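Chemist: Just need the structure, nothing else, for what follows:
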Amino acid sequence: MEKASGMKILEDNMSASNGDTSHRIRSSILKIIAKARRSGAWNRMERMERGILMLSSRLEIKFRSLNLLRSIAVIARKIAEISSFTFRNYVIGMKTAYRMAEYAVQNGYGQAAEWVKEKQFIVWWGMFVSPRTYTK
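Modeler: Next up, the predicted model:
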């Protein structure tokens, strides 16, 4: 009889912690959505990714599927990369970096063609062209 009541208590605690975990996951997803919207990453995401985040934040479900949790983690990582300081400067500096390397090659410096393969070169031009991105 004690085993049955002990199992019942254990199951109640597990279900309470699962609900609490689901609530914490859902609140984290809401924070991820807010960050994506503020940084502009929301509009760059695919429709399916936005749908996964919106549904998982609105529906009262338990997160039992590892595939769902993995896809949410991948989406969160993608949002973090898109909204990062380096990525913003990379996007801003790409056009200018290509133009500068092309100009150097046209003026006789052949090694400049390798510059555009360096991430730091492109990010530096992004920071130089857009001073508002100097600070993180």
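Chemist: how is the protein carved up into domains?
Modeler: 2-82, 85-133 (automatic domain parsing).
Chemist: averaging pLDDT over each of these, which comes out lowest?
Modeler: Lowest mean pLDDT within the domains of the chain: domain 2-82, a mean of 75.
Chemist: contact partners of stretch 42-54?
Modeler: I29, I32, I33, A36, L68, S71, I72, I75, K78, I79, I82 (C-beta atoms under 8 Å, 6 or more residues apart in numbering). (C-beta placed from N, C-alpha, C; glycine too.)
Chemist: Could you double-check that the first one lies in contact with S57?
Modeler: Translated: I29. Yes. With contact defined as C-beta atoms under 8 Å, I29 counts as touching S57 (4.5 Å).
Chemist: In terms of neighbours, single out the busier of the two.
Modeler: Using other C-beta atoms under 10 Å, the more surrounded residue of I29 and S57 is I29, with 21 against 17.
Chemist: tell me which element the more buried one falls in.
Modeler: helix 2-39 (DSSP states H and E).
Chemist: Can you pull up the most central residue in this structure?
Modeler: For the chain, the residue nearest the mean C-alpha position is I79 (1.9 Å; C-alpha atoms, centre = their mean).
Chemist: What's the separation between it and W115?
Modeler: According to C-beta to C-beta, to the nearest Å, I79 and W115 sit 29 Å apart.
Chemist: Could you identify the helix or strand that succeeds the helix holding I29?
Modeler: Per DSSP H and E, the first helix or strand lying C-terminal to helix 2-39 is helix 41-44.
Chemist: Mind listing what's buried along that following helix?
Modeler: For helix 41-44, the neighbour count (16 or more other C-beta atoms under 10 Å) marks A41, W42 as buried.
Chemist: For stretch 82-100, buried residues please.
Modeler: Residues I82, S83, T86, F87, R88, N89, Y90, I92, G93, T96, A97, M100 are the ones in stretch 82-100 that count as buried (16+ other C-beta under 10 Å).
Chemist: Tell me which residues touch L68, please.
Modeler: Per C-beta under 8 Å, 6+ apart, neighbours of L68: I52, S56.
Chemist: same thing but at 7 Å, please
Modeler: S56 (C-beta atoms under 7 Å, 6 or more residues apart in numbering).
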